[in-house]
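**Student:** prediction below, plus the sequence it came from.
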2 protein chains.
Amino acid sequence: MIRVLVADDQDLVRGGLAALLSLEDDIEVVAEVGRGDQVEAAVAGHRPDVVLLDIEMPGMSGLEVAERLRGQRVVIVTTFGRPGYLARALEAGVSGFVVKDAPVAELTAAVRRVMAGETVIDPKLAVSALTVGPSPLTQRETEVLRAAAGGATVADIARRLFLTEGTVRNYLSSAIGKTGARNRAEAVRVADSRGWL
Amino acid sequence: MIRVLVADDQDLVRGGLAALLSLEDDIEVVAEVGRGDQVEAAVAGHRPDVVLLDIEMPGMSGLEVAERLRGQRVVIVTTFGRPGYLARALEAGVSGFVVKDAPVAELTAAVRRVMAGETVIDPKLAVSALTVGPSPLTQRETEVLRAAAGGATVADIARRLFLTEGTVRNYLSSAIGKTGARNRAEAVRVADSRGWL
DNA sequence: AACCACCCATGACGTTTGTCATGCCGCCCC
DNA sequence: GGGGCGGCATGACAAACGTCATGGGTGGTT
């Protein structure tokens, strides 16, 4: 039996994944958690063979959790096939990356193959990650752009990051240039859709 | 046996929900669909007692589908507890509204109660819908704001909606005022989070 | 008939944004 | 030790944005 832990913040989805996996004869769900910051403890307590992680979770993001679980067999299961997410996941040493609109058989197959020591990545995502490439944004540009999401004004951002308004505008301008956008809102959309934020 | 149809665009989630419901002795999943515009045909073909609809789906939104399924027992199952969604769902005559981070027992309970002729609404959502109130935005304001999401410029919006740039600015200004925002990006965020877009 | 809400437009005004040139600092690398 | 890159800042300018006053049209209500 492959012992699996499922981490996802939405009860129905988490329960659904668990139910789905439990239907398999060789898979057993030994624990479910709904917050990123509870995964480590649950892993220590239940010693699963494979850990399934959603990315968007309260407490701690699935990517951060994966970092801390180096050595464990981890599969990211996420709604968003953002190339940047895949890149960060691989850096975190995960063994698998599956999107939620993949067929069910793909998930169970991924669990088994990861259990066998293989690394499983959604093929479409792999290409887009390679074509899109890594984020061209510097640390600061990323922070500023992230702060700009949600409609903060330049003054707001400057206050929050302890920068001059002019400096903020410079970073925004540079981020807009690098993303090929025409204003900050577009830049946010582009960067976010690629997982650069 | 309560015959249920499940409509959700994400394979894993849809399959999970189906697996979850199938665990119940008195519930049977008779069909699964992944696109909004395929629901009607599936309903005609399988004659389910209860139809479970996600909102975000390709082809047609779950809310639109619900409109067309008046008379059927419909339960909306969605990630986003936006007050505006609930309002539109009720106008469409749905019998139930459940958010995906509700406990699993709530979903099965909802299916049974809807089957019994009751109307089931997430209680927390009901209050927030009442406190937030209906959208104060006019038709045009809504369109313009929706077009502004994603970073379109005033000129872009004017072209797309066949309006003068000045008119677009007026609608935006008015929408900004009504949402209590300080610029268009914030207005988009506010309106979207309440389900007004 | 008077009223009101919404739609559409114009013009004018002040503010915010986005861009560019320029400068200084620290760091890393050939 | 001289580049190159990133962080931070300033100042200046043009473009885009947000606001306001004003006016005309339609349609529905009282």
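**Tutor:** Looks like it arrived, so ask away. Numbers count the residues shown, from 1 in each chain, chains lettered A, B, ... in the order given.

**Student:** OK, now which residue of chain A is nearest to chain B?
**Tutor:** Evaluated by C-beta to the nearest C-beta, chain A has A:Gly16 as its residue closest to chain B, separated by 2.1 Å. From N, CA and C alone the C-beta is placed, and that goes for glycine too.

**Student:** quick check: pLDDT value at that residue.
**Tutor:** On the pLDDT scale, A:Gly16 is placed at 96.

**Student:** which elements pack onto the strand or helix carrying it?
**Tutor:** When elements are assigned from DSSP states H and E, A:Gly16 belongs to helix A:11-22. Under the contact criterion of 3 or more C-beta pairs under 8 Å, 6 or more residues apart in numbering or on different chains; DSSP states H and E, helix A:11-22 touches strand A:2-7, strand A:27-33, helix A:104-115, helix B:11-22, helix B:104-115.

**Student:** 6 Å instead, please
**Tutor:** strand A:2-7, strand A:27-33, helix B:11-22 (3 or more C-beta pairs under 6 Å, 6 or more residues apart in numbering or on different chains; DSSP states H and E).

**Student:** the inter-axis angle of it versus helix B:11-22?
**Tutor:** 80 degrees (axes from the mean of the first three to the mean of the last three C-alpha atoms, to 10 degrees).

**Student:** tell me the buried residues in helix A:11-22?
**Tutor:** A:Asp11, A:Leu12, A:Val13, A:Arg14, A:Gly15, A:Gly16, A:Leu17, A:Ala18, A:Ala19, A:Leu20, A:Leu21 (16 or more other C-beta atoms under 10 Å in any protein chain shown).

**Student:** can you give me the end-to-end distance of stretch A:18-36?
**Tutor:** With C-alpha to C-alpha, to the nearest Å as the measure, stretch A:18-36 spans 17 Å from end to end.

**Student:** how about residues contacting that stretch?
**Tutor:** With contacts defined as C-beta atoms under 6 Å, 6 or more residues apart in numbering or on different chains, stretch A:18-36 is touched by A:1-7, A:9, A:14, A:39, A:42, A:46, A:48, A:57-61, A:65, A:108, B:15-16, B:19-20.

**Student:** so what pLDDT did A:Ser128 get?
**Tutor:** On the pLDDT scale, A:Ser128 gets 88.

**Student:** equivalent analysis for A:Val132, please.
**Tutor:** pLDDT, read off for A:Val132, is 83.

**Student:** and it, how many neighbours?
**Tutor:** Residues near A:Val132, counting by other C-beta atoms under 10 Å in any protein chain shown, number 17.

**Student:** and what of A:Ala105?
**Tutor:** So A:Ala105, with other C-beta under 10 Å, has 10 neighbours.

**Student:** try the one 10 residues further on
**Tutor:** For A:Met115, the count of nearby residues is 18 (other C-beta under 10 Å).

**Student:** partner residues bridging A:Ile2?
**Tutor:** Beta-bridge partners for A:Ile2, by DSSP bridges, are A:Ile27.

**Student:** tell me the residue of chain A that sits nearest DNA strand D?
**Tutor:** A:Gly166 (2.3 Å; C-beta to the nearest atom of the strand).

**Student:** next, count neighbours for that residue.
**Tutor:** 10.

**Student:** now name the helix or strand holding it.
**Tutor:** Assigned by DSSP H and E, A:Gly166 falls in helix A:165-179.

**Student:** that helix: what's the following helix or strand?
**Tutor:** For helix A:165-179, the following helix or strand on the C-terminal side (DSSP H and E) is helix A:184-193.

**Student:** what helices and strands are in contact with that following helix?
**Tutor:** Short answer (3+ C-beta pairs under 6 Å, 6+ apart): helix A:184-193 packs on helix A:165-179.

**Student:** hmm, what's the outermost residue in chain A?
**Tutor:** The centre of chain A is farthest from one residue, A:Gly166, which by C-alpha atoms, centre = their mean lies 32.6 Å away.

**Student:** from A:Arg159, how far out is that residue?
**Tutor:** Distance of A:Gly166 to A:Arg159, computed by C-beta to C-beta, to the nearest Å: 14 Å.

**Student:** re the thing from before, so the residue of chain A closest to chain B sits against B:Gly16, correct?
**Tutor:** Yes - counting by C-beta atoms under 6 Å, A:Gly16 does reach B:Gly16; the two are 2.1 Å apart.

**Student:** lowest average confidence, helix or strand, in chain A?
**Tutor:** Least confident helix or strand, chain A: helix A:123-132 with a mean of 88, by mean pLDDT, DSSP states H and E.
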